[in-house]
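S.K.: sequence and computational prediction follow.
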Amino acid sequence: MQIAKRNDWKAEPMPSAFTNIMLEKIYSQQQFERIAGGVIPQQMEDKWFIFYEAPWLYLHRSWTGLCIFQVRFEVVGENVKIAEVQVNRDPTQYSNMDYTNDTSMLEMLLDSLLQKRLRY
């Protein structure tokens, strides 16, 4: 499986209008490596382009390249934990403004990366 890099797809920067949300997750090193591998869209139905540049994981909508989430990770002992999450709040780029929905969506995306079956 190819590891996603920034230049593999269109990737706009996170706008200055963003907010931080809390998401407490800890991953084993092996789980984190699967997440850090990211996703390069292969077909029109693939909705996300995701790549990792230490210490941030960037999650972009594939059709527009807009950055929706940025997740910063920290190594804690033998594990890796989420240290910070930024969410796009520019209403011209991202219409969701609900903290709970953002948290749920990000959790689903990260869980899907672990299973290598991204379908959101």
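M.R.: Arrived safely. Because the structure is a prediction, the values reported are computed rather than measured.
S.K.: what about stretch 19-27, average pLDDT?
M.R.: Mean pLDDT, computed over stretch 19-27, is 96.
S.K.: got the contact list for it?
M.R.: By C-beta atoms under 8 Å, 6 or more residues apart in numbering, the surrounding residues in contact with stretch 19-27 are 35, 71, 76, 79-82, 84-87, 89, 99, 102-103, 106-107, 110, 114. In this view, the C-beta of every residue, glycine as well, is placed from N, C-alpha and C.
S.K.: what bridges to the spatially most central residue of the chain?
M.R.: Closest residue to the average C-alpha location of the chain: L59 at 3.4 Å, with C-alpha atoms, centre = their mean. Applying DSSP bridges to L59 gives these bridge partners: I50, F69.
S.K.: and it, how far is that from M108?
M.R.: Taking C-beta to C-beta, to the nearest Å as the measure, L59 falls 11 Å from M108.
S.K.: quick one: the helices in the chain?
M.R.: 29-36, 99-115 (DSSP state H).
S.K.: need phi/psi at M14.
M.R.: Note on M14: backbone dihedrals following degrees, to the nearest 10 are phi -60, psi 130.
S.K.: report the contact partners of the closest residue to it other than its chain neighbours.
M.R.: Excluding its sequence neighbours, the residue lying closest to M14 (C-beta to C-beta, 6 or more residues apart in numbering) is C67, at 4.4 Å. Going by C-beta under 8 Å, 6+ apart, C67 touches 11-15, 58-60, 88.
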